[in-house]
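Visitor: predicted model, plus sequence, below.
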Amino acid sequence: MTTQETQVQVPDLVFPTGFVWGAATSAYQIEGAVSEDGRGVSIWDTFVRQPGRVVNGENADVAIDHYHRYREDVETMAGLGLGAYRFSISWPRIQPDGTGPANAKGIDFYSRLVDELLSRGIDPWVTLYHWDLPQALENAGGWPSRDTARRFADYAALVHDALGDRVRNWSTVNEPWCAAFLGYASGEHAPGRREPAQALRAAHHLLLAHGLAVEAMRAQRSDTRIGGCVNLYAISPESEAEADLDAARRIDGLQNRFFLDALLKGAYPADVLEDFGAMADFAQDGDLDVISAPLDMLLINYYSRFTVSGKPGGAASAAAAPTDSGSPWVGSEHVSFVQGGRPVTAMGWEIDDSGLYELLVRLAREYPAVPLVISENGAAFDDVMTGDGTVRDYERRDYIAAHLRTCHAAIEAGVPLEGYFAWSLMDNFEWAWGYGKRFGLVHVDYETQVRVPKESALWYAETIRRGGLSGPAE
Ligand code: FCB
């Protein structure tokens, strides 16, 4: 069978009934309409205007115009047979300055989107924060300020109050690691600060914000499901040398255990706090109890594996940042990232579905009793729109297929995995990389805003229809 042919036989890897088949996006990356209907300024609006922050000086003022085209986009989702759609709410649309009552027009947009989804049988999954902090809150200190966590809980309650009657599945902060360490340590993301100790405060306050929001939302109603969302990596030492093993411990600690232990065990890992030295002064009594409020699910974003070394001289991060930036690895800046020899995506990220299996089995073993959902997984490739109007993105299809097979294997091994969301539904604004990196199942022409499902989307639709996929020989 050639790679181009579509399979029609019964899949040999059938997923459990009720498995959630979804795709994900985030507000700033797709919406555009940055000054409409009372939306305030976010840290990303400010950041993209600073020279040298984003490749080619691009911004998301228009992005893919989803704010105006959401009906067409829901239609596309329905055409693919998606069971669920994960999107984020733009905080500055709801509270232009990050405080005070809800802006009715902001709520109305998301309310209409939710209704549109429900009318097409697509389950809305809301993420409350995907990095677009109101600029006014950054001016008041940003995430390193404890007050931002309280502000977030108020905002979460406003949205949950307005949509909780129709949206069952919620998550709080998308990837606190990125928001804290790319935003405040490396400066690769908004607000672009390079202040390592402040980045640790930001990480803690993002977790505290999560916990306070869970508390506020639970006080409103008990029939919604709430999760935290972390980006996890499989980590390998370059060798068994002591320095490399220590590097792996440190990066696993900062990337994975810092967040997992706080959310699911109510304590920061002692070795990681030790790596921070005098900077480990961010938590107050009782914070960890708030942060570790029981969760209905844990949302995991998985893309790749890191291979790390304690020997100096390697790269400071797994894939070079596109713009001038520092190290996000606070307290472990000496660790270097080496190529593990696997094929890479257009981001330079190594493709390794075995890392996802490793993580899922580990989570089920070390953090039992919390259902898991893959809330992001996918890949950027240099897609080509062919003359006949198709995008033959077989590499993306193969990436997703390999990771779905891994999900199936993990479920067979007893991992409580409930769903999978491909990143991303559509091509969009990829942060500091601008529009140059395409992650979509659906191609977007940024000039005309025309959407065309790529081959990966058609394959995913077929997989959803069949409720599974074929084995590796496919
Ligand atoms: C994740 C982000 C998402 C997108 C993908 C590629 O870290 O959550 O917005 O940028 O990476």
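Guide: Looks like it arrived, so ask away. Numbering: from 1, shown residues only.

Visitor: A321 is in contact with W433, correct?
Guide: No - look at W433 against A321 with C-beta atoms under 8 Å: they stay out of range, at 9.1 Å. C-beta coordinates here come from the backbone N, C-alpha and C atoms, glycine included.

Visitor: could you find the closest non-adjacent residue to A102?
Guide: Spatially, and ignoring its direct neighbours in sequence, A102 is nearest to L158 (4.5 Å; C-beta to C-beta, 6 or more residues apart in numbering).

Visitor: and that neighbour, which of the three is it?
Guide: Classification of L158 by DSSP: H, G, I helix; E, B strand; the rest coil places it in helix.

Visitor: right, and it touches Q95 too?
Guide: Yes - in terms of C-beta under 8 Å, L158 counts as a neighbour of Q95; the distance is 7.2 Å.

Visitor: mutual contacts of those two, please.
Guide: Here L158 and Q95 have 101-102 as joint contacts, going by C-beta atoms under 8 Å, 6 or more residues apart in numbering.

Visitor: of these two, which one has the most company?
Guide: Counting neighbours by other C-beta atoms under 10 Å for L158 and for Q95 shows that Q95 has the greater number, 23 against 20.

Visitor: quick check: closest non-adjacent residue to that one.
Guide: Y155 (5.6 Å).

Visitor: please apply the same query to T345.
Guide: Using C-beta to C-beta, 6+ apart and skipping the chain neighbours, the partner closest in space to T345 is A379 (4.3 Å).

Visitor: wait, the one you found sits on D352?
Guide: No - between A379 and D352 no contact is recorded; they are 11.5 Å apart, counting by C-beta under 8 Å.

Visitor: what residues does the chain have near the ligand?
Guide: 26, 29, 174-175, 178, 231, 301, 376, 423, 430-431, 439 (C-beta under 6 Å from any ligand atom).

Visitor: neighbour count and secondary structure added to the residues you listed, as JSON lines?
Guide: Formatted as JSON lines, these follow (neighbours: other C-beta atoms under 10 Å; DSSP: H, G, I helix; E, B strand; the rest coil):
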{"residue": "S26", "neighbour count": "24", "secondary structure": "coil"}
{"residue": "Q29", "neighbour count": "25", "secondary structure": "helix"}
{"residue": "N174", "neighbour count": "25", "secondary structure": "strand"}
{"residue": "E175", "neighbour count": "23", "secondary structure": "coil"}
{"residue": "C178", "neighbour count": "20", "secondary structure": "helix"}
{"residue": "N231", "neighbour count": "20", "secondary structure": "strand"}
{"residue": "N301", "neighbour count": "21", "secondary structure": "strand"}
{"residue": "E376", "neighbour count": "23", "secondary structure": "strand"}
{"residue": "W423", "neighbour count": "24", "secondary structure": "strand"}
{"residue": "E430", "neighbour count": "22", "secondary structure": "coil"}
{"residue": "W431", "neighbour count": "24", "secondary structure": "helix"}
{"residue": "F439", "neighbour count": "26", "secondary structure": "coil"}
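
Visitor: and for the closest residue to R257 other than its chain neighbours, the neighbour number?
Guide: Of all residues not flanking R257 in the chain, P269 sits nearest, at 4.7 Å (C-beta to C-beta, 6+ apart). Neighbour count for P269, taken as other C-beta under 10 Å: 19.

Visitor: correct me if wrong: P269 contacts N256.
Guide: No - with contacts counted by C-beta under 8 Å, P269 stays clear of N256, the gap being 9.6 Å.

Visitor: related to what we said a few turns ago, which residues touch the residue nearest to T345?
Guide: Neighbouring residues of A379 by C-beta under 8 Å, 6+ apart: 303, 345-347, 349, 351, 395-396, 399-400, 439.

Visitor: same check, this time on G164
Guide: With contact set as C-beta under 8 Å, 6+ apart, G164 has these partners: 217, 220-221, 224.

Visitor: so which of the contacts of A379 wins on neighbours?
Guide: Ranked by the number of neighbours (other C-beta under 10 Å), the contacts of A379 place R396 first, at 28 neighbours.

Visitor: tell me where the stretch 351-474 of the chain has strands.
Guide: 372-376, 417-423, 442-444, 451-453, 468-469 (DSSP state E, counting those that start in this stretch).

Visitor: quick one: closest of the ones you listed to Y70.
Guide: strand 451-453 (11.9 Å; C-beta to C-beta).

Visitor: identify each buried residue in the closest one, please.
Guide: For strand 451-453, the neighbour count (16 or more other C-beta atoms under 10 Å) marks 451, 453 as buried.

Visitor: check which helix or strand covers I300.
Guide: Using DSSP states H and E, I300 maps to strand 297-309.

Visitor: for stretch 376-391, give the mean pLDDT please.
Guide: Averaging pLDDT along stretch 376-391 gives 97.

Visitor: what do you get for stretch 244-259?
Guide: 98.

Visitor: just stretch 112-122 next, same as before
Guide: On average, stretch 112-122 scores 99.

Visitor: how far off centre is that stretch?
Guide: Mean C-alpha position of stretch 112-122 versus that of the full chain (C-alpha atoms, centre = their mean, to the nearest Å) differs by 22 Å.
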